[in-house]
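Participant: structure for the following, please:
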Amino acid sequence: MPDRTTLHGSARAALPPAPAACCAVGLRTHRAARSTPGRAKRGGYPSAALGAGSDPPPIHLAPPTLKRSQSYAVPALLLGVAAILLAAGCTGPLRFPDAPIDTTAASPAGLQQYDTDADGRADHVTVADDAGRIVRIGYDTTADGQADTFVGLDAIPPEQCRHVVLILDGIGYETVKAYRDAGRLRLFHPPAPVISTYPAMTDIALADIFQSVRPVGYEARYFDHEKNAIVGGDGDYLAMRDEDWARATDYRADTVVDPLAYLFPHHYFREELKAVVDLIDRRDRPMVVAYLVTTAGLGTKHLRDGQHDALQAVDRLAHQLVWQSRGLVKVTVFSDHGHQLVAATWIDFRKSLREKGWHVAERLKADQDVVVIDYGLVTYASFATRDRAGLARTLLEQEGVDVVTYVADGAVVAASDEGIARVECAGGRFRYVQETGDPLHLAAIVAQAKADGHLDADGFADDRTWLRLTADHEYPDPLVRLWRGFHAVTEHVPDVVASLKDGYSAGLPSRAARYPDGASTHGDLARKSSTAFIMSTAGPVPADAQPLRARDLPAILPALLGRPWPPARKEKP
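Facilitator: Here you go, the predicted structure:
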């Protein structure tokens, strides 16, 4: 590459309109830890927060201060905040142009030119290698139309750079890979898939990634067998009871924003970006770790298009940080789980179970009693009952139910309309025992693994072997994930869990009412919902570390970040 590159002053490609109104209300950074970190499910939100009407009138009020004692009195306040935010206005946080100058054939292959000061002339260039990844950036420091200063991005070690870590809720690997394959996100090395937990839920997965205190339940509302009752709910959600991982972050929006992020996702996504950029611009820490809840709202309401909007913004932010710092900021991005990305039909399990002769109750007193444990709008359903096998048989009669699981005789039983099998664990080794049929579609994999010598004489293999065998399966890593779902991810577990088919969802009726035409969500055992991603500008994910589970990220992040992971947790105030 020559030391000087001529920059062209042709018309800039059309840029998108400036971000709409935004005003920093309800968004916060972590100077000290939040009072009680913890929240249980980004696919859901506090039901009290969902008042009627998606277009609140423009009014001007001071934003409310939420205390835990006010947790159930927030709907009017939240809608008031929404009205303020939608009526106000401010400048968007992304200043780097969304597209390069259109120089057609005038630029060498792999070189793109940008007009960063909007004067109609290029003043910044990016240079890509043969694989299309940007490896060099250049600046016109003399305003003579020549790029005269260049920076080799790969020559700067991660430990010498500031680092920004972005956690995007609900964006799956296939979405990111396809977006990058189309020519975007080229500051980043190719993304690697990351298999989430089962259920594929935010707090469970991030507890693995941050090595933090385990959530109490799959969601903020769960069944306590000792109390024989449903406990938790909106108060626990808003108080972040299950979000101990958040104490290791520098930014996480106040939970009063969460329900609004599903109602007005584009607006609140811009708000979160502004808060994160403001935090980065303070330049008071070598690493910024930021979790964005609004990417879940974009996927839920706007499906793939909404997620593409988020990725476009991440791409621009990465360019902006690298451009401003002359390569002295590295960016790593990962997610917690994927999304179905189809509008799902809600299943009314209370109604269907009553029709099939079950007594839907709040407590268990008899074998025919069943407690529906629901909260967020998700693609799995969980239940408490004394007759686990009987409930499983009934659930498989319900349209939209895919695989039902429960614990019996020390094994996890998996049942579908294709048969029943057992997942057994002994000494950290697992095996798949078919009783009738092949509910997890593993028979061919097991047969080949036996032929190749990957299984012992009793059919057992260690968890890494099963991961390698099933990482690309329609149910990724099913044996270990199902086992951990009942034994290792939360303090309280249901008796029966049903993974739903594509296009179906479960949850409290108030959640479903917000999306009469259906909404995308996650939680099930299948590939789209279960596969998250990680990518970085600092380097590739080592091939010998793949395939990855969420709980493997702490082992690979220190090398990418140039510093320890997880970050130190902030003390509670």
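Participant: now the phi/psi pair for Val372, please.
Facilitator: With angles defined as degrees, to the nearest 10, Val372 sits at phi -80, psi 120.
Participant: contacts for stretch 296-311, please.
Facilitator: With CB atoms under 8 Å, 6 or more residues apart in numbering as the test, stretch 296-311 has contacts from 42-43, 168-171, 175-176, 179, 184-185, 202, 261-266, 268-269, 292, 294-295, 339, 341-343, 377, 515, 519-521. The C-beta positions use only the backbone N, C-alpha and C, and glycine is treated the same way.
Participant: Three-state assignment for Cys223, please.
Facilitator: Not quite, residue 223 is Phe, not Cys. strand (DSSP: H, G, I helix; E, B strand; the rest coil).
Participant: my guess is it meets Ala361, correct?
Facilitator: No - Phe223 is beyond contact range of Ala361, at 11.3 Å (criterion: CB atoms under 8 Å).
Participant: find the residues that touch each one of the two.
Facilitator: Going by CB under 8 Å, 6+ apart, residues that sit against Phe223 and also against Ala361 are Val371.
Participant: more neighbours: which of those two?
Facilitator: Legend: neighbour count by other CB atoms under 10 Å for Phe223 and Ala361, higher for Phe223 (26 against 15).
Participant: for the more buried one, which non-adjacent residue is spatially closest?
Facilitator: Nearest residue to Phe223, sequence neighbours excluded (CB to CB, 6 or more residues apart in numbering): Ala384, at 4.3 Å.
Participant: contacts only, for the closest residue to Tyr504 other than its chain neighbours.
Facilitator: Spatial nearest neighbour of Tyr504, chain neighbours left out: Gly400 (3.4 Å); criterion: CB to CB, 6+ apart. Applying CB under 8 Å, 6+ apart to Gly400 gives the contacts Thr345, Ile347, Leu500, Lys501, Gly503, Tyr504.
Participant: identify the bridge partners of the residue nearest to Phe223.
Facilitator: Assessed by DSSP bridges, Ala384 has beta-bridge partners Val371.
Participant: touching, it and Asp374? I think so.
Facilitator: No - under the criterion of CB under 8 Å, Ala384 makes no contact with Asp374, lying 11.5 Å away.
Participant: the two: which has the busier surroundings?
Facilitator: Comparing Ala384 with Asp374 by other CB under 10 Å, the one with more neighbours is Ala384, at 27 against 22.
Participant: residues in contact with that one?
Facilitator: Ala384 touches Phe223, His225, Leu364, Val370, Val371, Ile373, Pro494, Asp495, Val496, counting by CB under 8 Å, 6+ apart.
Participant: for the first one, give me the pLDDT.
Facilitator: Pointing back at Phe223 there. On pLDDT, Phe223 comes in at 98.
Participant: and the fifth one, by the same measure?
Facilitator: At Val371, the model reports a pLDDT of 98.
Participant: now the last one
Facilitator: According to the predicted model, the pLDDT of Val496 comes to 98.
Participant: ditto for the third one
Facilitator: In the predicted model, Leu364 carries a pLDDT score of 98.
Participant: now do it against Tyr375, distance only.
Facilitator: The spacing between Leu364 and Tyr375, counted by CB to CB, to the nearest Å, is 19 Å.
Participant: quick one: buried residues of the strand or helix carrying Thr300?
Facilitator: Assigned by DSSP states H and E, Thr300 falls within helix 294-325. Neighbour counts using 16 or more other CB atoms under 10 Å place 294-304, 306-323, 325 of helix 294-325 among the buried residues.
Participant: do the same with stretch 119-129
Facilitator: In stretch 119-129, counting by 16+ other CB under 10 Å, buried: Arg121, Ala122, Asp123, His124, Val125, Thr126, Val127, Ala128.
Participant: in those, find the pair that's most separated.
Facilitator: Distance extremes for these: the farthest pair is Arg121 and Ala128 at 21.7 Å, using CB to CB.
Participant: how close does the residue of the chain positioned farthest from its centre get to Ala122?
Facilitator: Farthest-out residue of the chain from its mean C-alpha position, per CA atoms, centre = their mean: Asp144, at 44.8 Å. Counting by CB to CB, the separation of Asp144 from Ala122 is 12 Å.
Participant: stretch 431-451 spans what distance, first to last residue?
Facilitator: Stretch 431-451 has an end-to-end distance of 15 Å (criterion: CA to CA, to the nearest Å).
Participant: same check on stretch 228-242?
Facilitator: One end of stretch 228-242 to the other measures 21 Å (CA to CA).
Participant: picking that back up, for the contacts of Gly400, which one is nearest Ala109?
Facilitator: Relative to Ala109, the closest of those is Gly503; by CB to CB it sits at 43.0 Å.
Participant: my guess is that closest one meets Leu341, correct?
Facilitator: No - with contact defined as CB under 8 Å, Gly503 does not reach Leu341; the gap is 10.5 Å.
Participant: show me which of those two is the more surrounded one.
Facilitator: Leu341 (25 against 14).
Participant: what segments of the stretch 201-350 of the chain are helices?
Facilitator: 202-210, 234-238, 257-263, 265-281, 294-325, 349-355 (DSSP state H, counting those that start in this stretch).
Participant: who does Ala461 bridge with?
Facilitator: Counting by DSSP bridges, Ala461 is bridged to Phe430.
Participant: what's the spacing between it and Ile195?
Facilitator: Distance from Ala461 to Ile195, by CB to CB: 17 Å.
Participant: so which of the buried residues of stretch 119-129 belong to strands?
Facilitator: With DSSP state E as the criterion, strands contain His124, Val125, Thr126, Val127, Ala128 from among the buried residues of stretch 119-129.
Participant: surely Arg511 is in a helix?
Facilitator: Yes - assigned with three-state DSSP, Arg511 falls within a helix.
Participant: oh, and call the first residue 788 from now on, that's how I've got it
Facilitator: In the new numbering, first residue 788, that becomes Arg1298.
Participant: verify the stated contact: it with Pro1046.
Facilitator: No - counting by CB under 8 Å, Pro1046 is not a contact partner of Arg1298; they are 10.1 Å apart.
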